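>>> No letters, just coordinates:
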């Protein structure tokens, strides 16, 4: 489609522009601390929290939360993880596929299964951007294509003089040319499901060794904390971000670019390269926009900066980039788990004037773009980079 | 209950004037009759500010208007779907909440029905608007905001709420409450920083019994928010404020226009200047009509209503609490030069210095939460020197973002005191979510 851009070329340009001074990085998953975790409402009031009424979302899910959206799972806010049902399947050649289900364009079954509904997924099953599968009598799925190699070791080496773009960025898992997390299930109404693979061609017995943790990331997705076919569950690390100023938790499972996949701890999914981007909330657009910053505020002298954000921060301090998602269910109608990465760079003028801060809302960002304080990388026009990330929403913290 | 607030609201008045400089250095500017925009310059200390329009700069700069969604996209705005709020008003907007009125975002105004009632003891005319009620069905029917908390505003033996009755002709007879609109609003910036101001005079003042709230004893005992905009003024006089600027010695400082409509002689509309702010990150516009503190009333262009001192603050969303919290910032970022609006600007120093709004942050409003009240319990935050030195200061637009900064010690109450209720209340009915 004409909206597609060239993510690989873009990444190559970013890497080429990086000065090669390496700083090794660590963190592969969200810290066990939610940085923008809302404090109790009793702060600054004369009454203890016990006297407050329940969250407005208990009256109406569209009101202020917290609100779990991916209700198929159990969220642990202390560990910053979600535990989901682990689904079994196979390729046509018999190799085992272990997946999770997170989103579908089948509204009624989304509700029944506790998945996110995304009407835009109907537009995502384009040639090559979705696998095809058949639901078997035993409930497993047989996929036509798509293998993932989980054996690579994720590695990131910071760039210089700024940490982003990184000098080295190797994703911890790589799909074959046909792998996409999306699947059209022929005998389930031809609906599209988001079914990220978390392990491939490995036995239940082998995976059961990680029922209590210590997941072997050479065999499973880097976000897996625990995986247990015996119990039918997998526990995955969550990422923190914002949607319309609400702090949110989401899964990040695939990207169509190696650098982005490495940064996200996600699988490189070449099958998503051709998904069209840039057309946001228009007809036939399968994506929603996510707003990422290269050079947001970073920590000051080791103290967590309450304004920290962006890829420089994420690479150097190991915390998340605090990306800003567009619409999610219960906030807007335009949710898609396939996020069209809009990469913003604060101008030197904005930084010098003290205008740079953490952004939490799409329109706040677009306002900065209109005024010229945020641009695309290198001062180029702001907009889609061509990268997409597969990030199913899990919970609103507000 | 032991947690009832015992703070004295008068303490805030002292606080607000604590840094007063020697007044009288320069002649006060009578700006309350002026609708001309101030120069947006950085106000020199201890000189009266040239007070601009009371719409928070909305008309002159559209400071908080959301950018078009098409920015950075490959398609023009025409190809985008309608706002999610067209499917469900609780989704991303815009959403007009006070549907009784017509909003003009270009001008930063709302035009509402102007009601004529009378003061029982004297029969003098009382001109007012209706904005909120705890009568859910009639709120829906009339396009007013519903506020369950208003049921807790009436307290026998206090002045928090007036009482009134509905007459056969549909007008309200108020039992109490007189407002004097003759004072001239004036603000003189403080010596070391614009806030607290050295001098602040509200443009209108209620008597001891004046509260914008009225409990209608023969309308289900429900409480309405009915701010008075003119008192004891003839119909024809008000009708003259349609073609000509209103005389602010006769009407509320936020009145932009009063027009007589077709039909009966008391069929009027009033156009009021809106204020801009945020609620849970969403830009909003609202009306600001009264405060129980004279300094705040002056800053807001509102009526000083001491009766609202009888409303208890500090108990936020607990049982019998009539208020919701509003977060004002004393020393948010300011413009660096008169020629450029700082995209992070916010707070009372900014508002006094550049004539734009303070961009206060509301707690819950309808369609966002369940805890809305038009009576806002002002929590005043001050960025610490440490936070400013480290570059942590920015515009804030969401309650829990602010409480997080309080938890970490980067925002405190005035003078480094604990963050919380100041005792000040402002009556600010919500009008519209811009998102």
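Nice, I can see it. This is a predicted model, so every value here is computed, not measured.
>>> And residue 34, what's its pLDDT?
No chain in the question, so chain A it is. We have a pLDDT of 70 for residue A:34.
>>> ah, I was thinking of chain B
35.
>>> Next: residue B:24.
Value for residue B:24, per-residue pLDDT: 31.
>>> Same question for residue A:342.
97.
>>> my hunch is that it is in a strand, does that hold up?
Yes. Counting by DSSP: H, G, I helix; E, B strand; the rest coil, residue A:342 is located in a strand.
>>> how far away is it from residue A:325?
11 Å (C-beta to C-beta, to the nearest Å). Quick note: C-beta positions are derived from backbone N, CA and C, even for glycine.
>>> Helices of the stretch 1-150 of chain A, start to end?
With DSSP state H, counting those that start in this stretch, the ranges of helices along the stretch 1-150 of chain A come out as A:7-16, A:107-113.
>>> The ones you listed: lowest mean pLDDT?
The stretch with the lowest mean pLDDT among these is helix A:7-16, at a mean of 41.
>>> Could you give the average pLDDT over stretch A:304-321?
Mean predicted confidence for stretch A:304-321 is 95.
>>> Repeat that for stretch A:87-104.
Mean predicted confidence for stretch A:87-104 is 98.
>>> Report the buried residues of it.
Neighbour-count burial for stretch A:87-104 flags A:87-91, A:96-104 (criterion: 16 or more other C-beta atoms under 10 Å in any protein chain shown).
>>> Please list which of these also come close to chain B.
Contacts with chain B are made by none of the buried residues of stretch A:87-104, judged by C-beta under 8 Å from any C-beta of the partner chain.
>>> Indicate the residue of the stretch 151-300 of chain A located nearest to chain B.
residue A:245 (2.3 Å; C-beta to the nearest C-beta).
>>> burial count for residue 359?
Let's take chain A. 25 (other C-beta atoms under 10 Å in any protein chain shown).
>>> The intended chain is chain B.
Count around residue B:359 with other C-beta under 10 Å applied: 26.
>>> So it sits against residue B:279, correct?
No. With contacts counted by C-beta atoms under 8 Å, residue B:359 stays clear of residue B:279, the gap being 11.6 Å.
>>> who has more neighbours, residue A:342 and residue A:325?
residue A:342 (30 against 23).
>>> hang on, the earlier thing: shared neighbours of residue A:342 and residue A:325, which are they?
Taking C-beta atoms under 8 Å, 6 or more residues apart in numbering or on different chains as the contact rule, residue A:342 and residue A:325 both touch A:290-291.
>>> Provide a list of residues in contact with the residue in the stretch 151-300 of chain B positioned nearest to chain A.
Going by C-beta to the nearest C-beta, chain A is nearest to residue B:281 of the stretch 151-300 of chain B, at 2.3 Å. Taking C-beta under 8 Å, 6+ apart, we find residue B:281 in contact with A:244-246, A:360-361, A:364, B:397-398.
>>> now do residue A:394
Counting by C-beta under 8 Å, 6+ apart, residue A:394 has contacts A:68-70, A:73, A:75, A:82, A:238, A:248-251.
>>> Need the buried ones from the residues you listed selected in ChimeraX.
A single ChimeraX command selects the buried members of these (16+ other C-beta under 10 Å):
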select /A:68,69,70,73,75,82,238,248,249,250,251
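>>> And what about the residue nearest to the spatial centre of chain B, helix, strand or coil?
In chain B, the residue lying closest to the centroid (C-alpha atoms, centre = their mean) is residue B:288, at 2.2 Å. Under the three-state scheme (three-state DSSP), residue B:288 adopts coil.
>>> Residues of the stretch 101-250 of chain A that sit close to chain B?
Residues of the stretch 101-250 of chain A lying near chain B (C-beta under 8 Å from any C-beta): A:244-247.
>>> Filter the residues you listed down to the ones in strands?
Among these, the residues falling in strands (DSSP state E) are A:246-247.
>>> of the residues of the stretch 101-250 of chain A next to chain B, closest to residue A:267?
residue A:247 (25.5 Å; C-beta to C-beta).
>>> Neighbours of the closest one, how many?
Neighbours of residue A:247 using other C-beta under 10 Å come to 25.
>>> Residue B:378 against residue B:426, yeah?
Yes. Here residue B:378 reaches residue B:426: they are 6.2 Å apart, a contact under C-beta under 8 Å.
>>> Those two: who's more crowded?
Under the criterion of other C-beta under 10 Å, the comparison of residue B:378 against residue B:426 puts residue B:426 first, with 27 against 23.
>>> The more buried one contacts residue B:326, doesn't it?
Yes. Assessed by C-beta under 8 Å, residue B:426 is found in contact with residue B:326 at 6.6 Å.
>>> Need the overlap of contacts for those two.
By C-beta under 8 Å, 6+ apart, the residues touching both residue B:426 and residue B:326 are B:376, B:378.
>>> where along the stretch 251-398 of chain A do the helices fall?
Going by DSSP H, counting those that start in this stretch, the stretch 251-398 of chain A shows helices at A:258-264, A:311-317, A:348-352, A:362-370.
>>> Pipe those into a markdown table and attach distance to chain B per row.
A markdown table is the format used below for the helices of the stretch 251-398 of chain A (distance: least, C-beta to the nearest C-beta, whole Å):
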| stretch | distance to chain B |
| --- | --- |
| helix A:258-264 | 18 |
| helix A:311-317 | 14 |
| helix A:348-352 | 8 |
| helix A:362-370 | 4 |
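>>> which one of those lies closest to residue A:379?
Nearest of the helices of the stretch 251-398 of chain A (C-beta to C-beta): helix A:348-352, 9.5 Å.
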